[in-house]
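**Q** Got a sequence here, can you build the structure:
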Amino acid sequence: MKTVIQFSDCHLLHDTSRKGYGGISPYHSLECLLTQLAQSGNTEKVSTEVADVVLITGDISGDDSPASYTHFLNLMERFVDVPWYVIAGNHDANPHYDEYLVPHTLSSKSPLHIGNWCIHGLDTRPKHMARGAQGEIDTLELTCIERALSAHTHQHHLLALHHHILPSNSWMDKHNLVNAERLIEWLDSVKVINHIIHGHVHSPLRQQVGRDNINSFGCPSSCWQWEMQADFGVSNEQPGYHHICLYDDGDASVSIKRLS
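**A** Model (predicted):
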């Protein structure tokens with residue numbers, strides 16, 4: 001078994017003391033979650049006793065500032081002593097993301113190999129059709145992942161992206177993946193993706209995708225949480241993250257951990 005810790009939607013700002021929705025400072029909440037995670041292994045840093053890898057699925061920044069990425073790098077340096085990777089979200093559609101985080105980006109061209117598993121990163125930042133907080137699938141990215149799938153048929157496969165694939169039946173669906181049907185068609189054709197994880201919705205959304213009912217897990221945000229309802233709403237749930245166990249037989253268990 002391998003353990004993956006997934007954070008998402010950090011929304012860090014230039015001003016580390018600035019608060020957003022729910023009176024939450026995104027810097028402070030991420031700092032507290034990382035502290036809590038490290039202490040679960042009785043250490044000052046997240047060690048192999050706690051996780052094999054940490055993965056952050058997008059929206060690192062909340063204001064497109066260089067400082068937001070500097071703050072993020074500083075937090076990871078302070079608290080994480082295992083390999084860590086990021087995937088860009090719609091709020092990372094800026095030049096500063098590439099400047100600061102390319103070395104740690106989980107690219108569709110280079111999956112992460114961990115035990116019996118391959119973890120594939122899919123960049124859903126707006127490209128041609130998407131606007132604002134919407135996301136978009138690039139066929140070239142799917143082609144890259146498909147090559148890796150063909151080259152590693154003996155492994156199980158986890159797909160990680162920022163945007164949700166299916167409608168959430170909430171106000172967040174106006175910030176949808178504009179060509180999600182292309183991804184669903186691809187999933188149905190390759191037939192080897194075991195599980196999917198994503199962020200964006202700031203909520204532990206649980207769905208099944210495609211003809212094979214692939215389990216899809218939405219991650220809580222490390223700052224404020226959204227209500228999955230028709231009109232905009234902020235949940236009173238605490239910031240959180242995913243604790244993911246990847247088993248050798250291709251199964252997975254995903255649990256939600258919140259700030260206590």
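
**Q** same for the host helix or strand of Leu55, what does it pack against?
**A** In the assignment (DSSP states H and E), Leu55 maps to strand 53-57. Applying 3 or more Cβ pairs under 8 Å, 6 or more residues apart in numbering; DSSP states H and E, one finds that strand 53-57 contacts strand 2-7, strand 84-87, strand 156-161, strand 193-198. Every C-beta, even on glycine, is put in place using the N, C-alpha and C of the backbone.

**Q** Would you mind giving these as CSV with distance to Thr43, mean neighbour count and mean pLDDT added?
**A** Shown next, in CSV, are those (distance: least, Cβ to Cβ, whole Å; neighbours: other Cβ atoms under 10 Å; pLDDT from 0 to 100):
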stretch, distance to Thr43, mean neighbour count, mean pLDDT
strand 2-7, 14, 22, 98
strand 84-87, 16, 24, 98
strand 156-161, 26, 24, 98
strand 193-198, 25, 24, 98
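
**Q** who's in contact with the residue nearest the centre of the chain?
**A** Nearest to the mean C-alpha position of the chain, by Cα atoms, centre = their mean, lies Thr57 at 2.0 Å. The contact partners of Thr57, by Cβ atoms under 8 Å, 6 or more residues apart in numbering, come to 6-9, 86-87, 89, 160-162, 197-199, 219.

**Q** now do 6 Å
**A** By Cβ atoms under 6 Å, 6 or more residues apart in numbering, the contact list for Thr57 reads Ser8, Ile87, Ala160, His162, Gly199.

**Q** partners of it in the sheet?
**A** On the basis of DSSP bridges, Thr57 is bridged to Ile87.

**Q** Equivalent analysis for Gln207, please.
**A** Under DSSP bridges, the beta-bridge partners of Gln207 are Ser216.

**Q** about what we covered before: reformat the helices and strands packed on strand 53-57 as CSV; add distance to Tyr97.
**A** Converted to CSV, those look like this (distance: least, Cβ to Cβ, whole Å):
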stretch, distance to Tyr97
strand 2-7, 16
strand 84-87, 8
strand 156-161, 15
strand 193-198, 18
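
**Q** Of all those strands, which one is nearest Glu237?
**A** Nearest to Glu237 among those is strand 2-7; the distance by Cβ to Cβ comes to 15.4 Å.

**Q** which other helices and strands contact the closest one?
**A** Counting contacts by 3 or more Cβ pairs under 6 Å, 6 or more residues apart in numbering; DSSP states H and E, strand 2-7 is packed against strand 53-57, strand 240-246.

**Q** Each with direction, which strands does that strand pair with?
**A** Strand pairing for strand 2-7, using DSSP bridges, gives strand 53-57 (parallel), strand 240-246 (antiparallel).

**Q** Okay, strands next: where are they in the protein?
**A** For the chain, applying DSSP state E gives strands covering 2-7, 53-57, 84-87, 112-114, 117-122, 156-161, 193-198, 206-209, 214-218, 225-226, 234-235, 240-246, 252-258.

**Q** Quick check: the closest residue to Leu101 other than its chain neighbours vs Asp188, distance?
**A** Of all residues not flanking Leu101 in the chain, Val86 sits nearest, at 5.3 Å (Cβ to Cβ, 6 or more residues apart in numbering). Separation of Val86 from Asp188 (Cβ to Cβ, to the nearest Å): 28 Å.

**Q** ok, now Cys245?
**A** To Asp188, Cys245 is 26 Å away according to Cβ to Cβ.

**Q** low-confidence ranges in the protein?
**A** Along the chain, no part satisfies pLDDT under 70.

**Q** Please enumerate the helices of it.
**A** Ranges of helices in the chain, per DSSP state H, are 26-39, 66-79, 95-101, 139-151, 180-190.
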